[in-house]
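Enquirer: With the sequence up front, the predicted model follows.
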Amino acid sequence: MIDPRVASGLRDLLPAVMIPRERMLQTFRETFASFGFVPIETPHIERMEVLTGKGAGSDEVLRQIFEVTNKGGTPGELALRFDLTVPLARFIARHMDEVGVPFKRYAIGSVFRGERPAKGRFREFTQCDFDTIGTDSRLADAETAQIIHAALAAADVPPFTVTLNNRKILDGALESLDLSGRTGLVLRSLDKLAKIGREAVAAEMQRPADAGGAGLSAEQAARVLDFAEAGRGGVSVLDAAEASLGSNPKAAQGIADLRTVFQYLEAGGVPAERLAVDLGLARGLDYYTGIVFETTVDGWERFGSVASGGRYDDLASLYTSRRLPGVGASIGLDRLLALLDEAKALKAAGTMAPVLIANFPGTDPTVPVRLAARLRKVGIGCEIYPEPIQVGKQMGYGSKHGHKLAVIVGPDEVAAEVFNLRSLETRHEDKGLAWSVLEDSVHGALEVLQNGSLPS
């Protein structure tokens with residue numbers, strides 16, 4: 001007999017997880033669409049050269065790529081996508097004449113990474129991406145952070161913080177330390193600061209490049225880390241950065257851009273307490289060139305970022321000679337759900353239909369079928385219990401699976417053309433309601449349940 005377990009780092013998802021997951025995805029889609037983004041899809045399998053082109057991802061990410069080889073195929077030719085941004089760059093290079101720019105897209109789908117499984121980290125997981133391609137506008141930068149806030153707030157995620165930085169500020173700081181030739185190596189190490197701490201990052205920065213470091217001296221590493229750790233807080237930290245780096249044109253531009261973004265976010269109604277600046281925030285991917293974002297749930301920072309992204313002005317140049325600057329972010333659905341589950345903030349359920357229609361013994365089965373069809377026609381999901389067993393057992397099934405209401409029609413009710421409506425939470429039951437008011441009665445009861453319980 002074959003062992004039914006799944007491979008390490010992969011999961012089966014039960015209805016208790018899939019139902020809140022589907023609801024959250026619907027919320028995200030509605031949020032993205034409300035800002036004018038349209039959906040696209042790209043293949044799960046891409047050509048290896050698309051995913052591994054210079055600038056497509058850091059060496060660490062590229063080492064995690066899952067290679068795909070079909071029988072008779074060429075080894076190293078195909079691979080599973082590791083994110084949705086690189087495929088987007090290929091997509092827009094191929095289809096830009098059809099979709100036009102600026103182009104605002106969202107894509108939701110599985111990505112694959114051969115990383116070590118851990119809490120909230122999986123080898124297959126779902127990303128919810130949204131990007132704006134074909135503009136350098138700071139408005140597009142700010143809108144990205146605004147959408148992160150709007151999507152997570154609409155999904156009832158507990159208090160969270162969207163942290164922002166601009167890679168130009170970091171680039172300018174490293175130039176001031178005569179480290180501009182080692183920017184990528186330094187930033188990759190700096191990106192691990194929150195995960196492994198100052199001492200470990202300093203040690204990594206001091207390793208030679210062939211050992212995965214940046215070859216910095218102890219003094220240089222300390223100065224980089226001092227700058228990063230001093231640059232955390234509200235918008236006011238930009239004042240100190242401007243005083244120390246304002247003479248560097250790259251840093252000055254990054255600071256000015258970040259100030260503009262915060263002005264737009266204030267105008268867009270994003271609360272200041274939901275935003276922060278971290279001048280050490282680098283993001284590990286090589287393709288970021290400007291603003292970067294990371295979002296953590298307050299008190300649950302150990303789970304890492306649940307939404308991140310940034311500006312990538314040169315990524316599409318891998319696939320086209322046309323300049324196509326872009327900015328976007330990704331919400332890590334699976335990590336977010338794992339966090340909410342551990343925080344006991346995940347509203348689990350066993351059904352997506354709020355109404356159970358009883359299959360009453362002795363009642364013509366066509367009766368519940370007709371009543372269910374009427375409810376579904378007005379947009380009320382309902383399930384008919386398949387067997388005419390004891391009604392009490394049917395009610396127990398409904399309570400266990402999360403149905404809110406039960407419609408009960410026995411032979412006597414059929415004769416009188418009435419039904420009974422029961423709250424499965426409180427067991428309160430309204431009896432003898434006319435079939436003519438079925439839709440209004442059920443709709444009204446569900447509205448009451450959203451604001452409280454039916455009378456007991």
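Expert: Yep, it's here. Numbers count the residues shown, from 1 in each chain.
Enquirer: Neighbouring strands of whichever strand or helix holds G310 in the sheet, and parallel or not?
Expert: Assigned by DSSP states H and E, G310 belongs to strand 307-312. If you go by DSSP bridges, strand 307-312 pairs up with strand 291-297 (antiparallel), strand 326-332 (antiparallel).
Enquirer: Just say which of these is most tucked in.
Expert: Compared across those, strand 326-332 shows the largest average neighbour count, a mean of 26 (mean count of other CB atoms under 10 Å). Yep, even glycine has a C-beta here, placed from its N, CA and C like the rest.
Enquirer: Name the residues that touch that strand?
Expert: 28, 83-85, 88-89, 92, 125, 127-135, 140-141, 144-145, 147-148, 151-152, 290-291, 293, 305-313, 315-316 (CB atoms under 8 Å, 6 or more residues apart in numbering).
Enquirer: Repeat that for stretch 31-39.
Expert: In contact with stretch 31-39 (CB under 8 Å, 6+ apart) are residues 29, 104-108, 130, 143, 146-147, 150-151, 154.
Enquirer: Buried residues, that stretch. List them.
Expert: T31, F32, F35, F37 (16 or more other CB atoms under 10 Å).
Enquirer: Mind checking which of these land in helices?
Expert: Counting by DSSP state H, the buried residues of stretch 31-39 place T31, F32 in helices.
Enquirer: Low-confidence ranges, this structure, go.
Expert: Residues of the chain meeting the criterion pLDDT under 70: 54-61, 118-120, 284-286, 348, 452-456.
Enquirer: domain assignment for it?
Expert: Listed by automatic domain parsing, the domain ranges of the chain are 15-167+231-236+247-342, 355-451.
Enquirer: Take these and lay them out in TSV including distance to E199.
Expert: Compiled in TSV, those are given as follows (distance: least, CB to CB, whole Å):
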stretch	distance to E199
domain 15-167+231-236+247-342	15
domain 355-451	49
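Enquirer: so which of those domains is the most packed in?
Expert: Highest mean neighbour count among those (mean count of other CB under 10 Å): domain 15-167+231-236+247-342, a mean of 19.
Enquirer: Start and end of that domain, how far apart?
Expert: 17 Å (CA to CA, to the nearest Å).
Enquirer: again, but for stretch 354-365
Expert: End-to-end distance (CA to CA), stretch 354-365: 20 Å.
Enquirer: Using CSV, lay out the strands paired with strand 307-312 together with distance to L174.
Expert: Shown next, in CSV, are these (distance: least, CB to CB, whole Å):
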stretch, distance to L174
strand 291-297, 15
strand 326-332, 22
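Enquirer: Any idea which of those strands gets closest to S441?
Expert: strand 326-332 (38.4 Å; CB to CB).
Enquirer: chain center to whichever helix or strand comes after that closest one, what's the gap?
Expert: Going down the chain from strand 326-332, the next helix or strand is helix 333-342, by DSSP H and E. On the basis of CA atoms, centre = their mean, to the nearest Å, helix 333-342 sits 10 Å off its chain's mean C-alpha point.
Enquirer: next one: stretch 247-258
Expert: Centroid separation between stretch 247-258 and its chain, computed with CA atoms, centre = their mean, is 30 Å.
Enquirer: what does stretch 33-47 give?
Expert: 14 Å.
Enquirer: Quick one: residues contacting G76.
Expert: So G76 contacts M48, E67, T69 (CB under 8 Å, 6+ apart).
Enquirer: now the second one: how far from Q127?
Expert: So the one you mean is E67. 20 Å (CB to CB, to the nearest Å).
Enquirer: cool, R311 as well?
Expert: 18 Å.
Enquirer: Over to V327?
Expert: Distance of V327 to Q127, given as CB to CB: 16 Å.
Enquirer: How about A16?
Expert: Relative to Q127, A16 is positioned 22 Å away (CB to CB).
Enquirer: next one: Y397
Expert: If you measure Y397 against Q127 using CB to CB, the figure is 36 Å.
Enquirer: likewise Y106?
Expert: 11 Å.
Enquirer: I65 now?
Expert: Shown here: I65 relative to Q127, a distance of 15 Å by CB to CB.
Enquirer: again, but for A345
Expert: Distance of A345 to Q127, given as CB to CB: 21 Å.
Enquirer: and what of I384?
Expert: Taken as CB to CB, the span from I384 to Q127 is 37 Å.
Enquirer: Tell me the helix or strand right after whichever helix or strand A140 is part of.
Expert: Element membership for A140 (DSSP H and E) is helix 138-154. Toward the C-terminus, helix 138-154 is succeeded by strand 160-166 as the next helix or strand (DSSP H and E).
Enquirer: by how many degrees do that next one and strand 326-332 diverge?
Expert: For strand 160-166 against strand 326-332, the angle by axes from the mean of the first three to the mean of the last three CA atoms, to 10 degrees is 150 degrees.
Enquirer: Give me the residues contacting the helix or strand just after strand 160-166.
Expert: Counting by DSSP H and E, the element after strand 160-166 in chain order, helix or strand, is helix 167-176. Helix 167-176 is touched from outside by 180, 182-183, 186-187, 190, 224, 227, 241, 245, 248-255, 257-258, 279-280, 282-283, 288-292, 310-311, with contacts defined as CB under 8 Å, 6+ apart.
Enquirer: CA atoms only: put helix 167-176 into PDB for me.
Expert: C-alpha atoms of helix 167-176 as PDB (Å, rounded to 0.1, in the frame of the first residue of the first chain):
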ATOM      1  CA  ARG A 167      17.300  51.600  -2.400                       C
ATOM      2  CA  LYS A 168      18.800  54.800  -3.700                       C
ATOM      3  CA  ILE A 169      19.300  55.900   0.000                       C
ATOM      4  CA  LEU A 170      21.200  52.700   0.700                       C
ATOM      5  CA  ASP A 171      23.200  53.000  -2.500                       C
ATOM      6  CA  GLY A 172      24.100  56.600  -1.600                       C
ATOM      7  CA  ALA A 173      25.100  55.500   2.000                       C
ATOM      8  CA  LEU A 174      27.400  52.800   0.600                       C
ATOM      9  CA  GLU A 175      28.900  55.300  -1.900                       C
ATOM     10  CA  SER A 176      29.700  57.600   1.000                       C
END
